[in-house]
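Q: Next input, structure requested:
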Amino acid sequence: SGNTRITILEYSQTIGTDTKSDHGTTDVSTGTGSKDTDMAYDPDTNQIAIVYREGSSGYLKLGTLAANNTISFGSASTWASSNPENLNVLYDPDNDKIVVVYSENGYIYARAGTVSGTGIDSWGTAVNLTWQNNRTEDDELEVVYDTTNNKFIIAYRNIQTNYLNRLYACAFSVSGTTVTWGTPYLVHGYNSHYIKMAFDTDLGKALITFRSITGSNTRGRRMVIYISSGTTLTSNGTAYDYDGNHDVKGHDTCYDPASKRFFTVGTQSSNSDKAFLYYHWITDSDNSVYSPGNNTTNFASTDVHNDEAINWSVVPLGSSGKIVAVGKNSDQGNEPYVYLFQTMSSNPNSSATNVIGFAPSAINDGATGTINCAGNTVDNQSGLTIAAKYYIQNDGTLGLSSAGKLSGGIALSSSKLLINVESF
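A: Just a heads-up that it's a prediction; the model follows:
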């Protein structure tokens with residue numbers, strides 16, 4: 001434990017580039033006992049919500065990123081005072097609330113707060129998941145927001161007596177600042193560990209990645225769960241092994257909306273704790289998990305990475321076709337290392353059979369509009385050089401590179417292009 005700090009990294013969103021700018025690190029809290037952090041983005045106020053534990057209390061601060069890439073924080077708001085663990089913070093975009101999910105002495109709670117300015121105006125009551133006195137343990141509680149049903153879903157290792165460390169899930173709703181739990185659902189009837197979860201915003205289903213322990217057999221597995229109605233969860237009941245049956249320990253999983261794939265990064269215990277990347281997706285028709293053969297990719301050379309679940313995180317960079325992972329590199333002084341992966345590639349698809357001209361103004365999806373064809377002009381360009389011949393580049397923009405490109409036209413001014421008759 002130590003200071004809670006935030007580092008601001010900016011990546012180019014252009015496919016094929018790995019440009020990165022480091023805008024420095026800022027203290028969120030300077031308390032020496034700070035730990036168990038999590039972070040979420042509030043798009044309505046354009047602020048970052050950060051939760052952390054300091055001493056025996058849980059705190060939340062809202063941070064605002066300025067144009068010069070510095071960040072400032074509002075006052076700390078206390079939302080728990082009895083040694084909270086498993087800190088998770090999310091933003092409810094349909095209810096405009098900050099929601100914290102956590103455990104105290106293993107018992108699971110959720111609490112919602114209302115943002116006002118750079119702080120929390122008020123917190124609702126912390127509501128305990130009371131069903132059968134369910135309990136979990138540190139680093140074994142995951143939460144996602146179901147954008148299809150406007151509900152939250154948690155996945156957790158149930159350590160309550162008679163539940164044998166099995167994998168359970170439960171959905172809950174938030175109205176105002178009132179939390180209402182559904183009934184927990186048994187996802188996997190065996191000892192489960194290193195639980196992570198991500199939500200497919202296109203299919204409206206969650207993928208849980210975890211380590212399953214049956215006797216002396218341990219392996220990484222994946223299962224799909226989703227809300228069937230209200231807060232009722234269901235699945236097809238099948239746990240899917242990773243291809244190659246490799247084992248996993250600490251890891252994290254995210255959903256990339258650009259490629260419509262889940263990506264898992266972490267420590268592969270069946271390969272000397274090397275870092276790995278794996279991709280997979282949900283088949284909507286039968287809720288199975290599919291991956292194209294053993295696509296495990298080891299990275300970071302031969303460095304060993306820490307196998308604790310808390311030491312891995314992976315997020316998509318919006319819809320850019322890139323993801324960023326952070327892992328604790330044991331062979332590099334236990335420092336956090338950042339890894340960038342491209343989930344898509346830019347391939348040329350323009351040809352004489354699919355390009356007919358240029359739109360003089362924007363056309364919305366599903367709408368009709370005007371297309372100027374060969375022999376006409378289009379005057380919504382910028383930065384053109386008069387009399388230069390331009391070609392359609394792989395990303396759809398105009399450029400001077402002609403190799404393997406389709407001709408676009410000749411510049412009449414910096415903003416006007418004469419569409420070349422021979423181009424189409």
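
Q: Please spell out the segments of this structure that come in under the pLDDT threshold.
A: For the chain, the stretches with pLDDT under 70 are 1-2, 32-33, 346-353, 394-395, 404, 421-424.

Q: residue closest to the middle of it?
A: residue 315 (3.8 Å; Cα atoms, centre = their mean).

Q: Next, work out how far apart the nearest residue to residue 320 once chain neighbours are set aside and residue 130 are.
A: In this structure, residue 320 finds its nearest non-sequential neighbour in residue 13, 3.8 Å apart by Cβ to Cβ, 6 or more residues apart in numbering. For glycine as for every other residue, the C-beta is placed from the backbone atoms N, C-alpha and C. From residue 13 across to residue 130, the span is 45 Å (Cβ to Cβ, to the nearest Å).

Q: Let's verify the residue nearest to the centre of the chain: helix, strand, or coil?
A: strand (DSSP: H, G, I helix; E, B strand; the rest coil).

Q: What is the neighbour count of the residue lying closest to it once chain neighbours are set aside?
A: Among residues not flanking residue 315 along the chain, residue 254 sits closest, at 5.5 Å (Cβ to Cβ, 6+ apart). By other Cβ atoms under 10 Å, the residues close to residue 254 number 21.

Q: and residue 254, how far is that from residue 176?
A: 30 Å.

Q: How far away from the center of its chain is the longest strand anywhere in the chain?
A: Assignment by DSSP state E gives strand 20-42 as the longest strand of the chain. Counting by Cα atoms, centre = their mean, to the nearest Å, strand 20-42 is centred 18 Å from the centre of its parent chain.

Q: swap in stretch 398-410?
A: 37 Å.

Q: Quick check: end-to-end length of that stretch?
A: 11 Å (Cα to Cα, to the nearest Å).

Q: helix or strand for residue 72, which one?
A: Assigned by DSSP states H and E, residue 72 belongs to strand 71-73.

Q: For the nearest residue to residue 18 once chain neighbours are set aside, give the beta-bridge partners.
A: In space, and not counting its chain neighbours, residue 18 is closest to residue 340: 5.6 Å by Cβ to Cβ, 6+ apart. Here residue 340 sits in beta bridges with residue 324, going by DSSP bridges.

Q: For residue 340, give me its contacts.
A: 11, 18, 20, 322-324 (Cβ atoms under 8 Å, 6 or more residues apart in numbering).

Q: Buried members of these into ChimeraX, please.
A: A single ChimeraX command selects the buried members of those (16 or more other Cβ atoms under 10 Å):
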select :11,322,323,324
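
Q: farthest-separated two in the contacts of residue 340?
A: Distance extremes for the contacts of residue 340: the farthest pair is 20 and 323 at 13.7 Å, using Cβ to Cβ.

Q: and the gap between residue 30 and residue 76?
A: Counting by Cβ to Cβ, the separation of residue 30 from residue 76 is 11 Å.

Q: should've said residue 87
A: For residue 87 relative to residue 76 (Cβ to Cβ), the value is 14 Å.

Q: Can I get stretch 291-306 as PDB, trimmed to CA atoms?
A: Output of stretch 291-306 as PDB, limited to C-alpha atoms (Å, rounded to 0.1, in the frame of the first residue of the first chain):
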ATOM      1  CA  SER A 291     -11.900 -18.800 -30.500                       C
ATOM      2  CA  PRO A 292     -10.000 -19.700 -33.600                       C
ATOM      3  CA  GLY A 293      -7.800 -22.500 -32.400                       C
ATOM      4  CA  ASN A 294      -5.000 -22.000 -29.900                       C
ATOM      5  CA  ASN A 295      -4.500 -18.300 -30.500                       C
ATOM      6  CA  THR A 296      -2.500 -17.700 -27.300                       C
ATOM      7  CA  THR A 297       0.200 -15.100 -27.900                       C
ATOM      8  CA  ASN A 298       3.000 -14.700 -25.400                       C
ATOM      9  CA  PHE A 299       4.500 -11.200 -25.200                       C
ATOM     10  CA  ALA A 300       7.000  -9.200 -23.200                       C
ATOM     11  CA  SER A 301       9.800 -11.500 -24.200                       C
ATOM     12  CA  THR A 302      10.400 -14.100 -21.500                       C
ATOM     13  CA  ASP A 303       9.600 -11.800 -18.500                       C
ATOM     14  CA  VAL A 304       7.700 -13.400 -15.600                       C
ATOM     15  CA  HIS A 305       4.600 -11.400 -14.500                       C
ATOM     16  CA  ASN A 306       3.000 -11.400 -11.100                       C
END
